[in-house]
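>>> sequence first, predicted coordinates after that:
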There are 2 protein chains.
Amino acid sequence: MQKAAETRAKIIQQAAGLFNQQGYAGSSMSDIMRVTGLQKGGIYNHFNSKEELALAAFDFAIQLSSQQFLEAIRGKRHAIEKLQAMLQVYRQFVDNPPIPGGCPLLNTAVESDDAHPALRDRAQQAMTSWRRLIIRIIAKGIAKGEIHANADPEAAATILIATIEGALMMSKLYGNEVHLERAIEHLHHYLVRELRA
Amino acid sequence: MQKAAETRAKIIQQAAGLFNQQGYAGSSMSDIMRVTGLQKGGIYNHFNSKEELALAAFDFAIQLSSQQFLEAIRGKRHAIEKLQAMLQVYRQFVDNPPIPGGCPLLNTAVESDDAHPALRDRAQQAMTSWRRLIIRIIAKGIAKGEIHANADPEAAATILIATIEGALMMSKLYGNEVHLERAIEHLHHYLVRELRA
C-alpha cells in the first residue's frame, strides 16, 4: 500500500516536469515511460488515462509553486512587502524552477484555453486561488492603512499577475532574465507609487 | 502552378488556425487533414514535414497579426498615440482574432521555449521584430520631444508587451475581457504619466 502510494507520487512528480516542459499534448506515453522508468502497465496501474495523470501532475506543480510563494511571504508583515516578496519568487522560475519548464500556471493556461476543457478548468481554479491570495493581501493592507483606501484589489491582482507572467514568457523565450528584471522593477514602482498609502 | 500556390496558401491558413488553438504538438496529421479537407499525400505534396508546415503557419499568423498593428498605427502621428493604438489591437485577440486561438506569438513562445528549437527561434525572431517596432516608435518619440528624454525604450517595450500578453493569457483562460481591459487602462496611465513628455 505504501509502496503503491510512493510509486504514484513518483510518477506524478516526474510527469509534472515533463508536461511543464513539453506540454500535455507534446508528451507521449513513451515520454512518460522514459522519465518514470516504468512500463505502460505500471503507469496505468495508477492512472486510468494520460488526462488523469495530467490533472494530477498539474495539481502537484501548482502545489509546489504555491509553497514557494507562501514561504516567501511568511514573516513579512506589511502588505507591500508581501507582494514584493511574491514577485521575487518568479526569478526562480527562470534559473531554478520548482518544476522544470517555468510557471505551470502560464504554460497550462496557454495550452489548455482553446483545447483541453478539463485542464482549462483546473488552470482557472489555480488562477482564481492565485488572484484571491493577492486580493486578500491587498484588502488586508487597505484595512490596516498600508495601502490606499481607493486601491482596487481585483485590478491590482490582474496587473501584478499579467505583467510578471508576460515577462516570464519573454525571459523564457530568450533564456534571458532581463525581461523579468524589468517587470519586477516596474511593478516595484507601481506598488510603491500607486498602492502604498 | 497557380493552383499549387493557392492550395499551399490554403493549407497554411487553415493549419495556422488549428495550431494556434490546439498547439503544434496537439495537432495531429488527421487534424490537419480534417481542417484542410486534403489527404495526407495532398499535404505532403507541399510540405516535407509537419514541422515545415508549422513554421510556415507561424510566419503566416505573425504576418497577419503584424498587419493589424501596422494598420492601427497608420495615420497616428504622436508616439504615445501609436502605442495606445497598438494596445487596442489586443482587444481583437479575444473577441475577433485575426487567427483563431488568440496571439500566435504568446502561444508559440510558451509551447516552444523548452521543446521545439526551430519554432522557438522563429518565435524569438517575431518577438524581436515586435520589440524593435515599439523601440523605434519610442526612440522617434524621444527625438521629436513627445516622450521623456530619459525614457528607456528597451525597458518600455518589455513592460508594454509583457503586461498586455500576460493579460491576454488571463482573459483567454477565463473567456473574460476584464483582465485585458485592466491592463490597457494600467498601460494607458503608464504611457501618459511615465513616458509622455
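That came through fine.

>>> please enumerate the helices of chain A.
With DSSP state H, the ranges of helices along chain A come out as A:2-22, A:29-36, A:40-44, A:50-73, A:79-95, A:104-112, A:117-143, A:153-174, A:178-190.

>>> any chance of those helices in a markdown table, plus mean neighbour count, distance to chain B and mean pLDDT?
Heads up, the C-betas are built off the backbone N, CA and C, glycines and all. A markdown table is the format used below for those (neighbours: other C-beta atoms under 10 Å in any protein chain shown; distance: least, C-beta to the nearest C-beta, whole Å; pLDDT from 0 to 100):
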| stretch | mean neighbour count | distance to chain B | mean pLDDT |
| --- | --- | --- | --- |
| helix A:2-22 | 17 | 4 | 95 |
| helix A:29-36 | 15 | 11 | 96 |
| helix A:40-44 | 13 | 19 | 95 |
| helix A:50-73 | 18 | 12 | 96 |
| helix A:79-95 | 19 | 11 | 93 |
| helix A:104-112 | 26 | 4 | 97 |
| helix A:117-143 | 18 | 6 | 98 |
| helix A:153-174 | 24 | 3 | 98 |
| helix A:178-190 | 20 | 4 | 97 |
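
>>> pipe those helices into JSON lines and attach distance to residue B:65 per row.
Listed next are the helices of chain A as JSON lines, based on distance: least, C-beta to C-beta, whole Å:
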{"stretch": "helix A:2-22", "distance to residue B:65": "25"}
{"stretch": "helix A:29-36", "distance to residue B:65": "31"}
{"stretch": "helix A:40-44", "distance to residue B:65": "40"}
{"stretch": "helix A:50-73", "distance to residue B:65": "29"}
{"stretch": "helix A:79-95", "distance to residue B:65": "26"}
{"stretch": "helix A:104-112", "distance to residue B:65": "16"}
{"stretch": "helix A:117-143", "distance to residue B:65": "23"}
{"stretch": "helix A:153-174", "distance to residue B:65": "16"}
{"stretch": "helix A:178-190", "distance to residue B:65": "20"}
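
>>> of all these, which one is nearest residue B:122?
helix A:153-174 (10.8 Å; C-beta to C-beta).

>>> pull the CA atoms of that closest one into CSV?
Provided in CSV are the C-alpha atoms of helix A:153-174 (Å, rounded to 0.1, in the frame of the first residue of the first chain):
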residue,chain,number,x,y,z
PRO,A,153,-7.6,44.9,-5.2
GLU,A,154,-9.1,43.0,-8.2
ALA,A,155,-7.4,45.3,-10.8
ALA,A,156,-4.1,45.3,-8.9
ALA,A,157,-4.1,41.5,-8.8
THR,A,158,-4.6,41.4,-12.6
ILE,A,159,-1.8,43.9,-13.2
LEU,A,160,0.7,42.1,-11.0
ILE,A,161,0.0,38.6,-12.4
ALA,A,162,-0.3,39.7,-16.1
THR,A,163,2.9,41.7,-16.0
ILE,A,164,5.1,39.2,-14.3
GLU,A,165,3.7,36.2,-16.2
GLY,A,166,4.1,38.0,-19.5
ALA,A,167,7.7,39.0,-18.6
LEU,A,168,8.4,35.3,-17.6
MET,A,169,7.1,34.3,-21.1
MET,A,170,9.6,36.7,-22.7
SER,A,171,12.5,35.7,-20.4
LYS,A,172,11.9,32.0,-21.0
LEU,A,173,11.7,32.6,-24.8
TYR,A,174,15.1,34.3,-24.9
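
>>> output the contacting helices and strands for it.
Judged by 3 or more C-beta pairs under 8 Å, 6 or more residues apart in numbering or on different chains; DSSP states H and E, the packing partners of helix A:153-174 are helix A:79-95, helix A:104-112, helix A:117-143, helix A:178-190, helix B:104-112, helix B:117-143, helix B:153-174, helix B:178-190.

>>> export these as a markdown table, with columns for distance to residue A:23.
What follows is those, written out as a markdown table (distance: least, C-beta to C-beta, whole Å):
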| stretch | distance to residue A:23 |
| --- | --- |
| helix A:79-95 | 17 |
| helix A:104-112 | 5 |
| helix A:117-143 | 10 |
| helix A:178-190 | 21 |
| helix B:104-112 | 6 |
| helix B:117-143 | 12 |
| helix B:153-174 | 15 |
| helix B:178-190 | 23 |
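
>>> and of the helices of chain A, who's closest to residue B:1?
helix A:153-174 (37.9 Å).

>>> need the contact list for residue A:158.
A:131, B:167, B:170, B:178-179, B:182-183 (C-beta atoms under 8 Å, 6 or more residues apart in numbering or on different chains).

>>> returning to what we had before: which stretch among the helices and strands packed on helix A:153-174 comes nearest residue B:36?
Of all the helices and strands packed on helix A:153-174, helix B:104-112 sits nearest to residue B:36, with 18.2 Å by C-beta to C-beta.

>>> chain center to that closest one, what's the gap?
Taking C-alpha atoms, centre = their mean, to the nearest Å, one finds the center of helix B:104-112 at 9 Å from the center of the full chain.

>>> do stretch A:190-197 as well
Going by C-alpha atoms, centre = their mean, the spacing between the C-alpha centre of stretch A:190-197 and its chain's C-alpha centre is 24 Å.

>>> alpha carbons only: can I get that stretch in PDB?
What follows is stretch A:190-197, C-alpha atoms only, in PDB (Å, rounded to 0.1, in the frame of the first residue of the first chain):
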ATOM      1  CA  TYR A 190       3.700  50.500  -9.200                       C
ATOM      2  CA  LEU A 191       3.400  49.100  -5.700                       C
ATOM      3  CA  VAL A 192       5.300  52.000  -4.100                       C
ATOM      4  CA  ARG A 193       3.700  54.800  -6.100                       C
ATOM      5  CA  GLU A 194       0.200  53.700  -6.700                       C
ATOM      6  CA  LEU A 195      -0.700  51.200  -4.000                       C
ATOM      7  CA  ARG A 196       1.300  52.100  -0.900                       C
ATOM      8  CA  ALA A 197      -0.500  54.500   1.400                       C
END
